[in-house]
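# what follows is a protein structure lacking sequence information:
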Ligand code: FE
Ligand code: FE
């Protein structure tokens, strides 16, 4: 069984926060970058290996949702034990990150579906249970099948991606058409796209957008790829952007008390989801 390599995972999250912090100082950012070769190496692998064929193939492999039957709680616990095994020193478990995000939404009086979206948003990381390497689970996501935007972090690493040599995939629109809508666009494979499929039948559309695109920073933060979005995407991205602040900035608060909070989340989960989910 593979492990969720939280050493890089934690560094990556830190990196994302730094990168997208509007108040960050330029020199701090550069210092941080040189201090974390793990993040660079992570993106070197991610950008080299996430080809269109890989992403589409993984989607096809996972879409039948026939890998496992688990409740939300089983999935959370499994994810946590993976993290604990690989990195006993990590100060924040997956459950804690999910709870912190959700609790921040709750404190702000967000609707119940939004709080639940906060609680569930990273659950697609159970991909690690099925031995997916980290570069196929986490990291910023991007469309495959058209030219990579310069707004993607470390764009230079796409040089060694085999798709760089496929001319058809290197035009601005590639295999897509102007404003075709993101639902028609294949994204690099990871926990976002996967959780979207798991939750598709149960959660409101706004929450599904959050699951599917919360790591699509080149778009929701950097405003790239507008030419692939349609009007409906633009409307729904309001929620993706609203959500992002909770994902990034809820982490510094004190650790949530799992025991105290569990009954509230049990009820919330059962309001929207069946007791067993197909993964
Ligand atoms: Fe995530
Ligand atoms: Fe998250």
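Everything's here; your move. Source: prediction; values computed, not measured. Numbering: from 1, shown residues only. Ligands and ions are numbered 1, 2, ... in the order given.

# only C-alpha atoms from now on, for both contacts and neighbour counts.
Noted.

# quick one: contacts of the longest helix along the chain?
If you go by DSSP state H, the chain has its longest helix at helix 231-249. Contact with helix 231-249 is made by 13, 16-17, 101-102, 104-105, 118, 181-182, 206-207, 209-210, 213-214, 220-221, as judged by Cα atoms under 8 Å, 6 or more residues apart in numbering.

# quick one, helices of the stretch 101-250 of the chain?
112-120, 191-199, 205-213, 217-220, 231-249 (DSSP state H, counting those that start in this stretch).

# rebuild those helices as TSV, extending it with distance to residue 59.
Output for those, formatted as TSV (distance: least, Cα to Cα, whole Å):
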stretch	distance to residue 59
helix 112-120	20
helix 191-199	8
helix 205-213	13
helix 217-220	20
helix 231-249	21
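
# roughly how far out does stretch 150-161 sit from the chain middle?
Counting by Cα atoms, centre = their mean, to the nearest Å, stretch 150-161 is centred 18 Å from the centre of its parent chain.

# now do the same end-to-end measure for it.
When the termini of stretch 150-161 are compared using Cα to Cα, to the nearest Å, they are 15 Å apart.

# then stretch 220-235?
Stretch 220-235 end-to-end distance (Cα to Cα) = 12 Å.

# ok, stretch 173-187 next?
14 Å.

# same question for stretch 182-197.
By Cα to Cα, the extent of stretch 182-197 from end to end equals 15 Å.

# what angle separates the host helix or strand of residue 259 from helix 112-120?
If you go by DSSP states H and E, residue 259 is part of helix 258-272. With axes from the mean of the first three to the mean of the last three Cα atoms, to 10 degrees defining the directions, helix 258-272 sits at 130 degrees from helix 112-120.

# and the helix or strand that helix 258-272 is followed by, average pLDDT?
Reading on from helix 258-272 to the C-terminus, the next helix or strand found by DSSP H and E is strand 277-278. Mean per-residue pLDDT for strand 277-278: 98.

# now swap in stretch 249-263 and tell me
The model assigns stretch 249-263 a mean pLDDT of 82.

# and the residue located most distally from the centre of the chain, how far from residue 146?
Most distant from the centre of the chain: residue 167, at 28.5 Å, with distances by Cα atoms, centre = their mean. Taking Cα to Cα as the measure, residue 167 falls 9 Å from residue 146.

# and the gap between the residue farthest from the centre of the chain and residue 68?
Look at residue 167 and residue 68: by Cα to Cα, they are 38 Å apart.

# and if you look at residue 274?
For residue 274 relative to residue 68 (Cα to Cα), the value is 15 Å.

# now do residue 255
30 Å.

# and the nearest residue to residue 120 once chain neighbours are set aside, what does it touch?
Nearest residue to residue 120, sequence neighbours excluded (Cα to Cα, 6 or more residues apart in numbering): residue 98, at 6.6 Å. Contact partners of residue 98, counting by Cα under 8 Å, 6+ apart, are 118-122.
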